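Visitor: I would like to see how this sequence folds:
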Amino acid sequence: MFVIKLCFISTCLIGLLLLCSAVPLPTDASDMDNSTHHSNESAFLYFAYGSNLLKERLQLKNPSASVYCVAKLKDYKLVFGNPGGLESQRWHGGVATIEHSPGDEVWGVVWRMNMSDLESLDRQESVKRGTYSPMEVSVSTRDQDFYCRSYVMNSCVYAPPSPQYLQVIVTGAEQNGLPEDYQKKLRSIEANKYEGSLPVMKELKKAMKKSKERKEETLSDD
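Guide: Residues are numbered from 1 along each chain as shown. Below you'll find the predicted structure:
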């Protein structure tokens with residue numbers, strides 16, 4: 001029997017008092033990603049750990065997003081739930097959030113994004129509705145630690161994700177080369193039994209098909 005348990009995250013209170021604005025790029029950002037050219041004032045870094053691991057998912061509403069690096073968030077763990085226990089109508093199950101947990105770690109993708117996409121990113125995370133709150137997190141790579149914008153769910157009640165939602169996360173982890181042991185951990189997460197159709201999945205399949213076609217065209221040109 002699935003036990004409902006409130007997972008109020010203490011760091012959420014800190015997040016509310018910290019950054020509600022975007023975290024600017026570190027000064028050496030251009031050294032890590034030469035594919036885009038933005039000034040520090042016009043771009044920010046966003047740490048994604050859920051469905052936004054998948055490029056096509058994030059770029060549905062945030063076209064400027066480009067991979068900056070893969071990084072880990074120390075002393076947190078990945079959990080799934082719904083704000084106040086209200087099930088996601090988009091995903092029909094619990095959705096991802098992070099919870100302070102000493103000794104654990106969450107791997108994710110740091111995206112470099114234009115400031116022009118900040119509002120749409122907040123909208124995707126339902127910030128105005130109080131579903132998620134923006135927070136500043138310190139993430140680590142092999143070479144450095146730096147701050148990023150991320151999001152944490154408010155008043156989370158644990159619930160398993162739908163198979164479709166979990167597959168988006170797993171695919172995003174594979175797409176960006178997250179550590180294999182972490183990918184195995186994601187694949188081992190137990191999903192609920194939802195088998196219905198999801199409109200967002202149709203959008204994603206279409207976007208992924210276009211991405212594949214563009215990649216094939218690029219390879220053929222070479």
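
Visitor: tell me the confidence at residue 17?
Guide: If you check residue 17, the pLDDT there is 36.

Visitor: go on, residue 32?
Guide: The pLDDT attached to residue 32 in the predicted structure is 42.

Visitor: just the helices in this structure please.
Guide: For the chain, applying DSSP state H gives helices covering 10-17, 29-32, 55-58, 118-124, 163-175, 180-187, 199-221.

Visitor: quick one: closest of those helices to residue 137.
Guide: Between residue 137 and these, the shortest separation by C-beta to C-beta is 8.5 Å, and it involves helix 10-17. The way it works is simple: take the backbone N, C-alpha and C, and place the C-beta from them, glycine included.

Visitor: give me the mean pLDDT for the biggest strand by length in the chain.
Guide: Among all segments of the chain classified by DSSP state E, the strand with the greatest residue count is strand 95-114. When pLDDT is averaged over strand 95-114, the result is 99.

Visitor: repeat that for stretch 202-209.
Guide: If you average the per-residue pLDDT over stretch 202-209, you get 93.

Visitor: what's the answer for stretch 137-155, then?
Guide: Regarding stretch 137-155, the rounded mean pLDDT is 98.

Visitor: how about residue 110: what's its closest non-neighbour residue?
Guide: Counting by C-beta to C-beta, 6 or more residues apart in numbering, the nearest residue to residue 110 once its immediate chain neighbours are dropped is residue 68, at 4.4 Å.

Visitor: surely that neighbour meets residue 112?
Guide: Yes: under the criterion of C-beta atoms under 8 Å, residue 68 lies in contact with residue 112, with a separation of 4.2 Å.

Visitor: who's more crowded, these two?
Guide: residue 68 (25 against 22; other C-beta atoms under 10 Å).

Visitor: quickly note the distance from the more buried one to residue 144.
Guide: In this structure, residue 68 and residue 144 are separated by 12 Å, where distance is defined by C-beta to C-beta, to the nearest Å.

Visitor: could you do residue 189 as well?
Guide: Counting by C-beta to C-beta, the gap from residue 189 to residue 144 is 30 Å.

Visitor: quick one, what contacts the spatially most central residue of the chain?
Guide: Centroid-nearest residue in the chain, with C-alpha atoms, centre = their mean: residue 48, separated by 2.6 Å. With contacts taken as C-beta atoms under 8 Å, 6 or more residues apart in numbering, residue 48 has the following neighbours: 58, 108, 109, 110, 111, 150, 172.

Visitor: spatially, which two of those residues are the most separated?
Guide: Considering C-beta to C-beta, no two members of these lie farther apart than 150 and 172, which are separated by 15.1 Å.
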